[in-house]
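Student: generate a structure from the sequence data that follows.
(one chain, ligands or ions: 1)
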Amino acid sequence: MHPDDELCLCFHVTWRKVINFARIHRIRRASQLSGCQGAGTGCGWCRRQLERIATRIAEDPPDPSELDNWLQRHSPARDAYARGRQQYLASGKGNPPSGGEEKSAEPPQEDPSDPAE
Ligand code: FES
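Tutor: So this is what the prediction gives:
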């Protein structure tokens, strides 16, 4: 992951924002990260990552100048993470917030049955 990739895909909250929020507010529980633009309060997919990141920050606080390297050690691959969320939603385990803009890891597919083509 890159620091500006989204950790919470429902609310488009980046890893950098979550990590900075955690450091500045010296969070003690992952649930406090919901104060960072609502992270984790949509479909629920990112909650496990929020818990992991809160634990990692407590155990191995990131140096802001080394955030890229720190994220390489403590975050999943971006595409696998986004695909995992799509599967999570498809299985009915969570619902994105209403009116929320969905972002896909893959470009939209053309509908071959679309008469406009
Ligand atoms: S991805 Fe964070 S709540 Fe859905």
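Student: contacts, neighbours, all on C-alpha from now
Tutor: Fine.
Student: flag every residue of the chain that's near the ligand.
Tutor: Cys8, Leu9, Cys10, Ala39, Gly40, Thr41, Gly42, Cys43, Gly44, Trp45, Cys46, Pro96 (Cα under 6 Å from any ligand atom).
Student: give me that answer again for 8 Å
Tutor: Within the chain, the residues that sit near the ligand (Cα under 8 Å from any ligand atom) are 7-11, 38-47, 85, 94-97.
Student: average model confidence for stretch 80-95?
Tutor: Mean pLDDT, stretch 80-95: 95.
Student: burial count for the spatially closest residue to His12 that is not a sequence neighbour?
Tutor: Leaving aside its sequence neighbours, His12 sits nearest to Glu6 (Cα to Cα, 6 or more residues apart in numbering; 5.6 Å). Residues near Glu6, counting by other Cα atoms under 10 Å, number 21.
Student: much appreciated, bye for now.
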